[in-house]
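# Quick one: sequence plus predicted model below, questions after.
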Amino acid sequence: MYNRVILIGNLTRDVELRHTPNGTALAKIGLATNRRYKDSMTGEMKDEAMFIDVDLWGRTAETANQFLRKGSKVLVEGRLTLQQWVDQTGQKRSKHSVTAEKLQFLDSRADNQSNGGNSYQQSQNSYNNNYNNAQQNNSYQQPMQQQSNMTQQTPPPQPESVPSINIDEEDIPF
């Protein structure tokens, strides 16, 4: 038998992190995926959205909680699971969800910065501040002709030295 699910989508809410009684991290995320198809009757393009609950375990759950926010784009690879329970009225209920085995962040770094405050954004801001300070201390001056002609697009000058970044390896999600 083979049970494998691969999904790409955006988080519908922030990560909900909990811990089991034995201390294992469990994160729950909602993932929105969509497909675009052509209606065979009308010929028009239609969108179909699908909302999937995903469970993340262990270090993956903790990393997701640290770096992901509502709207983050991710790739999830895992297995389909069936959850069953009895609701408050005594009725048997069930739903399918995905238990993730792999999680990959798909947002660019610029997208991550716009998704709210997180440690990645703070480290990136620190890098940008160091870079801007190095630029201000650089004695390079643009020629007057380029300063007055704003329509001419030239790439910015490259700094002579790249500032160092102080990031712990544990802060990197991959």
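Great, that's in hand.
# what ranges do the helices span in the protein?
Listed in chain order, the helices found in the chain under DSSP state H are 58-67, 109-114, 119-137, 144-148.
# Please spell out which residues along the first one are buried.
In this case it means helix 58-67. 60, 61, 62, 63, 64, 65, 67 (16 or more other Cβ atoms under 10 Å). C-beta here means a position set from N, CA and C on the backbone, and glycine is covered the same way.
# so how far is residue 90 from the last one?
So the one you mean is residue 67. Plainly put, residue 67 is 41 Å away from residue 90 if you go by Cβ to Cβ, to the nearest Å.
# do the same with the first one
Separation of residue 60 from residue 90 (Cβ to Cβ) stands at 35 Å.
# ditto for the third one
Separation of residue 62 from residue 90 (Cβ to Cβ) stands at 36 Å.
# okay, now residue 15: neighbour count?
The burial metric for residue 15, expressed as a neighbour count using other Cβ atoms under 10 Å, is 21.
# Not counting sequence-adjacent ones, nearest residue to it?
In space, residue 15 comes closest to residue 65 once its chain neighbours are excluded; the distance is 4.5 Å by Cβ to Cβ, 6 or more residues apart in numbering.
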